[in-house]
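Enquirer: Just need the structure, nothing else, for what follows:
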Amino acid sequence: MTEDKTATEDFQAGKYAEAVEKYSALINATPNFSSYYLKRGQCYLKSNKYKEALQDAQTASSLGEKSMELAMLGGKVATKLQMYEEAYRFYKIGVELDNTNTDLVEGLRNLQQAILDEYELEGGEDAEKGYSAVDFCSQDPYPGDDKLLQIEQKILENKHNIQDTIPWKDYKDGEEFRGQASEAAIEAHSLMVAGKLEEAVQKFTFAIETEPNNAILRRLRSEAYYIMDDKINSLRDLWAIPKNQRRVEVWRLGGQIFHDLNLPLHAELWFKNATRLTDGKDEGVKILFQRTRIQRLYAPLCNDLAINVEFSDFGKCVVAKKAIKEGEELFTEKPLIMGHVMDKDNNFALSCDNCAASILTAEDYFGSTLETMELDLKELIKESWPDIPTVTCDKCQKVKYCSEDCRRQAWVSQHELICPARSEATKKLHEISQNLGHGVAEDGVLKNLWDAHFSPLFLARVWSSIISAAKHMMKESDGSVPTAEQWAKARSPFRKFMAFGNSSAADSMPTILNLIREIFKDCGDGVQYKITDNEFNGRYFQAVCNLQTFSSPITPYHRFMTRVSKLGAEDTRGMRMLKYLQTTPHLNTYCGLFQLQSCLNHSCTNNVQVSDAEVEGYGGVKVVAKADIKKGDELFTTYIDTSMPRRLRRAWLFRSFNFWCHCHRCEFEGDGPEVCTECKKKAENNSLFLACGQCHRAWYCSVPCQKSAWRRGHRKICRKTKSSTDAAANQDSIELSNKEPEK
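Expert: Reported below is the predicted structural model:
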């Protein structure tokens, strides 16, 4: 009797520990046989050892397993562990195989219910929950801001004759007129409220001439000047107030004036002082600071584009500068830094590790078929297949590039410190990445060590690029170690990307953290970089919150096809070649940090589409309008599968991204027939409200409510239910016409 058979008998007899022991022995003998991992995973599931079961499911997946058994095992245990994104990933494998499978449908329902149960357990939607975007944005200066501030000061002095503030002296003259000054100030304020600004300024001026040291009068006249759009005189009044007498209102108004004058460093400084005086409790002034900073950082990127990046109550957002037509390309972008996506279909030996360009050769594509082709077709391939010189890292002989320039750029920017030939730690990190996150943990057990769709090498690249940049500046300045300013400059490109997470990546992935610490404890030239738990968590969630997947869409295969299509009609090679060109090559999937794309917010009715693009010879993304967009409207992408019902979508978004979606679609869809979507009235006596007859995703207690919702905006998001999943989600609803009677 074979070991496999006895293990199966133990499983069927409920002897799960014995079965695990036997399957473990089989795995040790044949570690690349996915079936044994699935069977052992089932034993762990029956023993309520969900973490071990999930690791076996992930290992089987990394070995290429795609079966309903894998989908159900991974989906069930990930749901038990409240790892809902991972559960959904496994269940999607089953959906692709057979979306009518009853066990699969039940598993998906259990997943949805688990998410919703957690949603209810936490009290449902709560406006107090989630994060305040402005609290995740630093007011720390950028490197070089001090020099820019000095330049702005010269503009103030030379263009506007505004000098450094002079401390006020004690004025005793004119005491006999102070009563009149007080009356003038009161009258001026009344005139200001009445909108008679010029008269108000005259009265304020009389009062200030009598009491030149009165900060309140200066501020009030400044406000009058500001409303009159006389920003320079408004600023002069505020500037004249000594710093120790400037209250929050002074700093706030001054910041607004500097913002209007396009002097952003002074604006930030004044808004920052206003924030300090309120102990950071004034959300409004913090938002004003971030609006100024965001405009300063992103305006240069948007100069020639139809969009601007702004800061709203919910954080950064992309807004249309002008009306945009459906199908219009809004911008293309290459990544600030890129890395690998953990996908077994990727073969990174066939693309450049610096620019993501495909380096697919004819031999790679045609394989052994090339040898059996007719001679003239071989000649056609030799003539027309792009000749791409493949360059390999001369240290590790593993990482490949499309040119010597790309190899050199990668070495200087990040590869030198993380080359697998550099140390045992770098070698092991590369092996873990190639094995899709699996490796031997510190306890000697083979397991999944990495919990993300992107490779751990991506984080290593981020730190390597920071350290490489700091070392370069150190050498240029003849220093022995990088200065604090040089470290700040090296980190500054990554400050644009917000990070949020509610768990500890350092705690859940200790092997990876210790490997990365080992890699960077000696960076050469006497430089060390210590990575704390907090920094590891920050960079990890920075990636989770901002990474966009992409591919370089044009390969040598596509260029070959283009050349073949241009052959003359008399050249029969083109037609004969087509039978060998039936399979489109897989595009390797990368991930990257994109400065503009990462500013796009979510909507369940997104009006832009992000897709792959070739940008200046690099793989990148392009953003195209899905619908007409008005000037001033925000551009939205989507973060999740928006075919899910409203309640599940919103619970998923809150759990994954910590915000409650209030998009147009979420406003006009409902959660079920028990509550009227429009007036929120609850159904009584176990009755159900009628559903929209078209989309089946809104319910109304009456025809007037249905008509009101239709007029207010439901008509814009109402779509006929497209899938059986949608119909099943709303199976308890009763149809209701949502069309208004013709007038």
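Enquirer: drop to CA atoms for contacts and neighbour counts, all remaining ones
Expert: Will do.
Enquirer: What is the helix or strand containing Gln55 packed up against?
Expert: Here Gln55 sits within helix 50-62, counting by DSSP states H and E. With contacts taken as 3 or more CA pairs under 8 Å, 6 or more residues apart in numbering; DSSP states H and E, helix 50-62 sits against helix 34-46, helix 68-80, strand 446-448.
Enquirer: Output the ones you listed as JSON lines; include the columns mean neighbour count.
Expert: Formatted as JSON lines, the helices and strands packed on helix 50-62 follow (neighbours: other CA atoms under 10 Å):
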{"stretch": "helix 34-46", "mean neighbour count": "24"}
{"stretch": "helix 68-80", "mean neighbour count": "25"}
{"stretch": "strand 446-448", "mean neighbour count": "18"}
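Enquirer: buried stuff in the helix holding Gln55?
Expert: Going by neighbour count (16 or more other CA atoms under 10 Å), the buried part of helix 50-62 is 50-62.
Enquirer: which among the residues you listed gets closest to Ile186?
Expert: Distance to Ile186 across the buried residues of helix 50-62 (CA to CA) is lowest for Lys51, with 72.9 Å.
Enquirer: hmm, back to that, ranking the helices and strands packed on helix 50-62 by mean pLDDT, which is last?
Expert: Sorting those by mean pLDDT places strand 446-448 lowest, at a mean of 80.
Enquirer: Low-confidence stretches in this protein?
Expert: For the chain, residues meeting the criterion pLDDT under 70 lie at 1, 119-132, 165-179, 720-743.
Enquirer: In it, which residue is most central in space?
Expert: Asn546 (2.3 Å; CA atoms, centre = their mean).
Enquirer: do you know how far the residue nearest to it when sequence neighbours are not counted is from Leu547?
Expert: Excluding its sequence neighbours, the residue lying closest to Asn546 (CA to CA, 6 or more residues apart in numbering) is Ser598, at 5.6 Å. Distance of Ser598 to Leu547, given as CA to CA, to the nearest Å: 8 Å.
Enquirer: Looking at those two now, which is surrounded by more residues?
Expert: Legend: neighbour count by other CA atoms under 10 Å for Ser598 and Leu547, higher for Leu547 (23 against 20).
Enquirer: who's in contact with the more buried one?
Expert: For Leu547, the contacting residues are 591-594, 598, by CA atoms under 8 Å, 6 or more residues apart in numbering.
Enquirer: just Lys46 next, same as before
Expert: Counting by CA under 8 Å, 6+ apart, Lys46 has contacts Tyr16.
Enquirer: For Glu614, I want the exact helix or strand it lies within.
Expert: With secondary structure defined by DSSP H and E, Glu614 is part of strand 608-615.
Enquirer: The closest residue to His602 other than its chain neighbours: neighbour count?
Expert: Of all residues not flanking His602 in the chain, Thr638 sits nearest, at 4.7 Å (CA to CA, 6+ apart). By other CA under 10 Å, the residues close to Thr638 number 17.
Enquirer: ok, now which ones touch Thr638?
Expert: Each residue near Thr638 by CA under 8 Å, 6+ apart is listed here: 601-606.
Enquirer: Mind checking which of those residues are buried?
Expert: Neighbour counting with 16+ other CA under 10 Å marks 601-606 as buried within the contacts of Thr638.
Enquirer: Pick the one among those residues closest to Thr562.
Expert: Using CA to CA, the buried ones among the contacts of Thr638 come closest to Thr562 at Asn606, 33.4 Å.
Enquirer: Tell me if I'm right that the closest one and Glu634 touch.
Expert: No. Asn606 lies out of contact with Glu634 (CA atoms under 8 Å); the separation is 10.1 Å.
Enquirer: What sits closest to Ile27 if chain neighbours are left out?
Expert: Tyr36 (6.3 Å).
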